[in-house]
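let's see this in three dimensions:
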Amino acid sequence: MRIREMVCGTAFAAVLGTVVLGTAVLAAQETAPKPTTAAEAPNSDTSYIDAAGTAHVTRVVPIPEDLSPQARKFLSRQIPDAGPPQTLAQRRAGTDAWAVRAAAAWSKLCPNTLVNTTIAGVPVREVTPEGMPKANEDKVLLNLHGGGFNSDSGSYTETIPIAGYTRIRVVAVLYRLAPEHQFPAAVEDSVAVYKALLKKYKPEHIVIYGTSAGAILTGEVAVELKKEGLPMPAALGIFSGMGDFARPGDSQAMYALQGLSGHLEPPKPGAHDPFYVGTTDPRNPVLSPIFADLHGLPPTLFVTSGRDMLLSGTANLERAFLHAGVDAHLVLFDALPHAFWYDQNLPEAIEANHMMADFFAKHLAR
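Residues are numbered from 1 along each chain as shown. Reported below is the predicted structural model:
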């Protein structure tokens, strides 16, 4: 398992089961093992800890009763645990098709105007909310989309609701993707757009945020901005991310893209995503901000969930921010999987997006 990006809606199973980074996603479809059946599923908990401390466990985990009916239905979907995922080309095609449907679904809730253009030579997508007040014209949100660094599953789902709920324009950076363009290409593109925005907006009127790969990239960009001596934005949003490509977190061994359902392989030694990392040292402080000097970074909201495969990575990076004296806050939603806020059908997703939007609006109002 490597970093995998969540897609939402009724097409989740078809599209998201393929959203994976690492060797498997770039390999041709292999002969898949047979999925576990109801007769074969364990009905009791087991636990064995080997001499190296590795846990070999089974768990029977009910759905918490306080979740919304929509979330309970969402978690009840039966997704086979057999793999492997589709090829990268198949995944990109499926994700692109899903993204168009997701944009339409979110736009019904948050009407907007979408414009594809370029800034500093980098493709971007601008989302302007319907009825944006004149007072917000001097503010902008810079989105670094998710998609496992090798596709775009977030430039609609991460921008349309946030633009709608903040009533502020969002610019999504359509940065160069791996494996064709490895680190630091995405960082370079994002920093180039930020520098261009500084010519029009005050830094205290800019927020940078992202989900999954975009959350990781947000931390990387913040460290690069500090390295280059550029003014910091008003705030950051790191939603289901991490800051350490050298050491996989505990949750990556526990949860798949869909949480407790779907295909999952034990983490392998080495860099989390060699197709993004390339030849860079996984402990490079820009690539892995947990090894960087984080002092002086702006207030940051971290959001994750109880069955998020990047739960550990998000929590560990938030702790690093706190140790550096950053005004950091972590919100964790119970039981839900990776990037569940992409799904406009979940009340918890609406709540999460409002929480993110309120945080941004608060810091842009100062």
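
in the chain, which residue sits furthest out from the middle?
Ala39 (35.0 Å; Cα atoms, centre = their mean).

which helix or strand contains it?
For Ala39, there is no enclosing helix or strand under DSSP states H and E.

how about it, what does it touch?
By Cβ atoms under 8 Å, 6 or more residues apart in numbering, the contact list for Ala39 is empty. Using the backbone N, CA and C atoms, a C-beta is placed for each residue, glycine as well.

separation between it and Pro69?
Counting by Cβ to Cβ, to the nearest Å, the gap from Ala39 to Pro69 is 29 Å.

do a quick rundown of the helices in the stretch 101-250 of the chain.
In the stretch 101-250 of the chain, the helices defined using DSSP state H, counting those that start in this stretch lie at 160-166, 185-198, 213-227.

per-residue pLDDT of the residue nearest in space to the middle of the chain, please?
Centroid-nearest residue in the chain, with Cα atoms, centre = their mean: Ser212, separated by 1.6 Å. We have a pLDDT of 98 for Ser212.

leaving out sequence neighbours, find the closest residue to it.
Gly146 (3.6 Å; Cβ to Cβ, 6 or more residues apart in numbering).

okay, now that neighbour: neighbour count?
Neighbour count of Gly146, defined by other Cβ atoms under 10 Å: 33.

quick one: residues contacting it.
Gly146 is in contact with 5-6, 153-154, 158, 210-215, 339, counting by Cβ under 8 Å, 6+ apart.

with Ser312 instead?
Ser312 makes contacts with 242, 249-252, as judged by Cβ under 8 Å, 6+ apart.

before we move on, back to that, ok, the residue farthest from the centre of the chain to Leu311 distance?
To Leu311, Ala39 is 31 Å away according to Cβ to Cβ.

could you do Leu364 as well?
Using Cβ to Cβ, Leu364 is found at 28 Å from Leu311.

repeat that for Ala335.
Noted for Ala335: a distance of 11 Å to Leu311, by Cβ to Cβ.

again, but for His354
For His354, the distance to Leu311 (Cβ to Cβ) stands at 21 Å.

more neighbours: which of those two?
When His354 and Leu311 are compared on other Cβ under 10 Å, the one with more neighbours turns out to be Leu311, at 23 against 16.

any idea how far Leu310 is from the nearest residue to the more buried one once chain neighbours are set aside?
Residue nearest to Leu311 in three dimensions, not counting chain neighbours: Ser251, with 4.0 Å by Cβ to Cβ, 6+ apart. Distance of Ser251 to Leu310, computed by Cβ to Cβ: 7 Å.

what are the neighbouring residues in contact with the residue nearest to Val277 when sequence neighbours are not counted?
Setting aside the residues directly before and after it, Val277 is nearest to Ala271 in space (Cβ to Cβ, 6+ apart), at 4.3 Å. Taking Cβ under 8 Å, 6+ apart, we find Ala271 in contact with 245-246, 277, 282.
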